[in-house]
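K.L.:
Build me a structure from this.
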Amino acid sequence: MQRKAYASGIAALLAVLLAGCTGASGDGGTTDDSNPGDTGTASPAAEPGRYRTLPEPCTAVGEGSLDELLPGIRQIADEEQRERAYEGTPTSTFDTDRKVGCRWKVDSRDATDHLLVDFERVVSYDNAVSDDSQAEQLFAEQEAAAHLPEPTTTESAAAGSTPAGGASAAPSGSPSASASGSPSGSPSGSPSTTPTELRPRVLEDLGDEAFLDDELSSSGSTAKQRTVTVAFRTSNVIVTIEYVEQPAAVGVVPDSGEMQDRAQKLASRLADSLSG
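P.N.:
Numbers count the residues shown, from 1 in each chain. All right, here's what the predicted structure looks like:
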């Protein structure tokens, strides 16, 4: 009798345990496959950027633009050499899906001109940060590295009526443009030698954001070399144009207004092609 009662007690205990496990699962209790604290709703991923590919850089700049930026290209007598000059040279890159560029260099009787066009497609690997936001941050770092001068009170007051950095601000041949190259030995961007409208600055009406840098450098008795950089961001793509000119004769200073105007026109064309 004791053995039979003992067996009945064991059976009753197993029944209670089995019922408890079934109830825990059925009542929404935590199972082995559940993660503590998991509410079952994932945070939505940030929006991807507008651009998934990049243009072919060496064909992104038309022959008309190259004729304007590289005047010596039309002076090349040999047709085959001239065609190679128009083609440019792709820059080295490890991932053409993320970064591409093209370089041109042309010598003429008066100067040597260089042109670099660079495209970078920014992709965020953080689900909480959009591609656009990541590109905005990288562009801010690029602009900060340019060390643009702070706008003057006059510039700030005029900003509402005249777009900063517009191509019409310093047309080639204007008095302000020719004056920019007159001082000898002064660094570009100095308020005492460079007209306000030609100083390095933030540009309006070009992509989502843009800036222009202008630097005049020289080494000893060599000819002065001017580098004009225009960079702009459109969604998650950053475009950088670097335009360099070094005159053949010592003492000749490249015209700031003319070079800025050419670089900004090319930037506008590239921005339009990306938006199209």
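
K.L.:
Which stretches in the stretch 151-276 of the chain count as helices?
P.N.:
Under the criterion DSSP state H, counting those that start in this stretch, the stretch 151-276 of the chain contains helices at 153-158, 175-180, 256-275.

K.L.:
Show me what the longest one is packed up against.
P.N.:
Think helix 256-275. helix 63-69, helix 175-180, strand 209-217, strand 225-234, strand 237-247 (3 or more C-beta pairs under 8 Å, 6 or more residues apart in numbering; DSSP states H and E). All C-beta atoms are positioned from the backbone trio N, CA, C, and that covers glycine.

K.L.:
Give me the spatial nearest neighbour of residue 87, chain neighbours excluded.
P.N.:
residue 58 (6.2 Å; C-beta to C-beta, 6 or more residues apart in numbering).

K.L.:
pretty sure that neighbour is touching residue 90, no?
P.N.:
Yes: judged on C-beta atoms under 8 Å, residue 58 makes contact with residue 90 at a distance of 5.9 Å.

K.L.:
Which residues are in contact with each of these two?
P.N.:
residue 102 (C-beta atoms under 8 Å, 6 or more residues apart in numbering).

K.L.:
Which of those two has more residues huddled nearby?
P.N.:
residue 58 (18 against 14; other C-beta atoms under 10 Å).

K.L.:
Tell me which residues touch that one, please.
P.N.:
Counting by C-beta under 8 Å, 6+ apart, residue 58 has contacts 87, 88, 89, 90, 102.

K.L.:
Now that we're looking at it, what pLDDT does it have?
P.N.:
pLDDT, residue 58: 97.

K.L.:
and it, helix, strand or coil?
P.N.:
helix (DSSP: H, G, I helix; E, B strand; the rest coil).

K.L.:
With residue 202 as the reference, measure out to it.
P.N.:
The gap separating residue 58 from residue 202 is 29 Å, by C-beta to C-beta, to the nearest Å.

K.L.:
what's the answer for residue 82, then?
P.N.:
37 Å.

K.L.:
still on that earlier bit, mark which of the contacts of residue 58 are buried, thanks.
P.N.:
Buried members of the contacts of residue 58, scored by 16 or more other C-beta atoms under 10 Å, are 88, 102.

K.L.:
Now, the contacts of residue 58 that are in strands?
P.N.:
Under the assignment DSSP state E, these contribute 89, 90, 102 to strands.

K.L.:
Could you double-check that the first one lies in contact with residue 106?
P.N.:
No: the pair residue 89 and residue 106 does not pass the contact test of C-beta under 8 Å, sitting 11.9 Å apart.

K.L.:
and residue 128, which of the three is it?
P.N.:
Under three-state DSSP, residue 128 comes out as coil.

K.L.:
Likewise for residue 93?
P.N.:
Once three-state DSSP is applied, residue 93 turns out coil.

K.L.:
how near is it to residue 100?
P.N.:
In terms of C-beta to C-beta, residue 93 sits 6 Å off from residue 100.

K.L.:
go on, residue 78?
P.N.:
Taken as C-beta to C-beta, the span from residue 78 to residue 100 is 28 Å.

K.L.:
hang on, the earlier thing: is it possible to export the contacts of residue 58 to TSV including pLDDT and distance to residue 47?
P.N.:
Below are those laid out as TSV (pLDDT from 0 to 100; distance: C-beta to C-beta, whole Å):
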residue	pLDDT	distance to residue 47
87	97	37
88	97	34
89	97	36
90	97	31
102	98	30
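
K.L.:
With distance to residue 53 added, can I get the contacts of residue 58 in JSON lines?
P.N.:
Shown next, in JSON lines, are the contacts of residue 58 (distance: C-beta to C-beta, whole Å):
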{"residue": "87", "distance to residue 53": "21"}
{"residue": "88", "distance to residue 53": "20"}
{"residue": "89", "distance to residue 53": "21"}
{"residue": "90", "distance to residue 53": "16"}
{"residue": "102", "distance to residue 53": "16"}
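
K.L.:
Closest one of the contacts of residue 58 to residue 71?
P.N.:
Set against residue 71, the nearest of the contacts of residue 58 by C-beta to C-beta is residue 88 (16.0 Å).

K.L.:
List the contacts of the closest one.
P.N.:
So residue 88 contacts 57, 58, 61, 102, 103, 104 (C-beta under 8 Å, 6+ apart).

K.L.:
and the first one, how many neighbours does it have?
P.N.:
The burial metric for residue 57, expressed as a neighbour count using other C-beta under 10 Å, is 23.
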